[in-house]
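K.L.:
quick one, what's the 3D model for this:
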Amino acid sequence: MAGRQEAQEGNGTERRGAVRPGFSFVKLLTARFLLSPDGEVLEGGGVLVVGGRIAAVPRTSGAARRAARVHGATVEDLGQGILTPGLVNAHAHLELSGFHRRVPATRTIRPWIESLIAMRRAVGDHTLGAGVRRGADRLLRTGTTAVGDIDSTGAAGRVLAGHRLRVRLYREVLDGGDPVRAEAACAAVRRALPRRAGLCEGLSPHSPYSVSPALFALIGKVARRRCLPVTIHWSETPAELEWMRAGQGELAGLVRNSPHRTGLDLIEEAGLLGPRTALVHGNHPERGEALRIQRADATLVHCPGSHLFFGRDPFPIRHYRERGVRIALGTDSSASNDDLDMRREMALLRRSAPGLDPREVFAMATDHGARALGLEGEVGRLERGARADLCHFRLSSEDTKACLDELTTAIPEVGGVWIAGRRVAQHA
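P.N.:
Next up is the predicted model:
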């Protein structure tokens, strides 16, 4: 039986129990510490998994033992460490994983863009696909169970359809302000992504500087009609702002037809500023823009590793937090980051903003990321009804107060990763 097969996985102490008829397996995972649905660290407790979803989150060891008896669950005790929801990477470009340390960092953005474009043109689909697989494997090994990935070539969709990682696949769309490219881009937007197991569709108009107002408007209509989440690179560099307002600066010639408007204005006019929108980077918000994002209930995605890679000025996290903007974390790509590891992203954020509450930082890497991907209630929290996408981190902390601090600063070892209750990775 599947439930008895599950008892063989892992290195923890296990006890076999009867499997309830009608379910593929019933298991209870326990650890020294558990992160509750409200973000509190509990000593004892566990997660009851039935058919790939969380059926209950007992808050004490006694309640966990009773749940195991009642449900006839296989019990796996993971020992020292903390059991948490799997990490959620709100922004990645896995198809660029093959370009790690091949594109030099530049203080200004255009040389980096041109180097990346040249390298991408020189490789085939096989190379891109191999990079996708390598990047996805790295995310799983380091505790990420769900990712929002940008697919500009189709390579990511083909590879990730068979991968264990849970994916919101954002199809990238841009026309560079060129009417000839706009026609093909419009046709691509109208085509729905073929249904594939493990993939949820989304759209990614690349950026206000690389998407014409007409294409933005079409994307807005399609996204609303099909209720699709959207992610957009926004306000990443001063060059972007200069081009958007004045049609000048280093982006001139790389893209055409400056709108002489702010990027957030174009996004809002297209009907794309709302709860299903994730704005990526946001390093240079103009006056009033943070409040507009907060009122629209959109999510801002910060990528600390990419920010460090380019040597950018400090991220205005205090500005956003004071205005109530929801912030999620992402890795961006291997072409602009030293690793695809959400543990490192949390640690870099804590280093750059040491006053942040570790509970809030961990929420940025889980619950807020789920909101950004339109997967709230499915991933990012240990709560009844959610997918049993879990991670066990090995910690040295002996008390509940120190656990989240260590978890968000020390890049702790991953003891195991589960997707839908099944172990898919361990020891990273």
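K.L.:
so how far is L35 from the nearest residue to L174 once chain neighbours are set aside?
P.N.:
Leaving aside its chain neighbours, L174 sits nearest to H206 (4.0 Å; criterion: C-beta to C-beta, 6 or more residues apart in numbering). To be clear about C-beta, it is placed using only N, CA and C from the backbone, and glycine gets the same treatment. H206 sits 35 Å away from L35, going by C-beta to C-beta, to the nearest Å.
K.L.:
so between the two, which is more surrounded?
P.N.:
L35 (28 against 20; other C-beta atoms under 10 Å).
K.L.:
give me the number of residues near the nearest residue to R181 once chain neighbours are set aside?
P.N.:
Leaving aside its sequence neighbours, R181 sits nearest to D175 (C-beta to C-beta, 6+ apart; 4.2 Å). D175 sits with 24 neighbouring residues when counted by other C-beta under 10 Å.
K.L.:
check the secondary structure at D175 for me.
P.N.:
coil (DSSP: H, G, I helix; E, B strand; the rest coil).
K.L.:
surely it meets A185?
P.N.:
Yes - between D175 and A185 there is a contact at 4.7 Å, judged by C-beta atoms under 8 Å.
K.L.:
now do the shared contacts for these two.
P.N.:
Residues touching both D175 and A185 (C-beta atoms under 8 Å, 6 or more residues apart in numbering): L215.
K.L.:
quick one: low-confidence parts of this protein?
P.N.:
Along the chain, the parts satisfying pLDDT under 70 run over 1-24, 197, 427-428.
K.L.:
mind giving me the domain split of it?
P.N.:
2-85+381-425, 87-372 (automatic domain parsing).
K.L.:
check which residues of the helix ranked longest in the chain are buried.
P.N.:
The residue-count maximum for a helix in the chain (DSSP state H) belongs to helix 125-141. For helix 125-141, a neighbour-count test (16 or more other C-beta atoms under 10 Å) marks 127-141 as buried.
K.L.:
can you check stretch 416-428 too?
P.N.:
416-426.
K.L.:
hang on, the earlier thing: need the contact list for the residue nearest to R181.
P.N.:
181-182, 185, 210-212, 215.
K.L.:
that one and P205, how far apart?
P.N.:
For D175, the distance to P205 - C-beta to C-beta - is 10 Å.
K.L.:
okay, and the common contacts of the two?
P.N.:
What both D175 and P205 touch, as defined by C-beta under 8 Å, 6+ apart, is the set 211, 215.
K.L.:
Y209 reaches L251, doesn't it?
P.N.:
Yes - between Y209 and L251 there is a contact at 6.0 Å, judged by C-beta under 8 Å.
K.L.:
between those two, who's got more neighbours?
P.N.:
Y209 (25 against 21).
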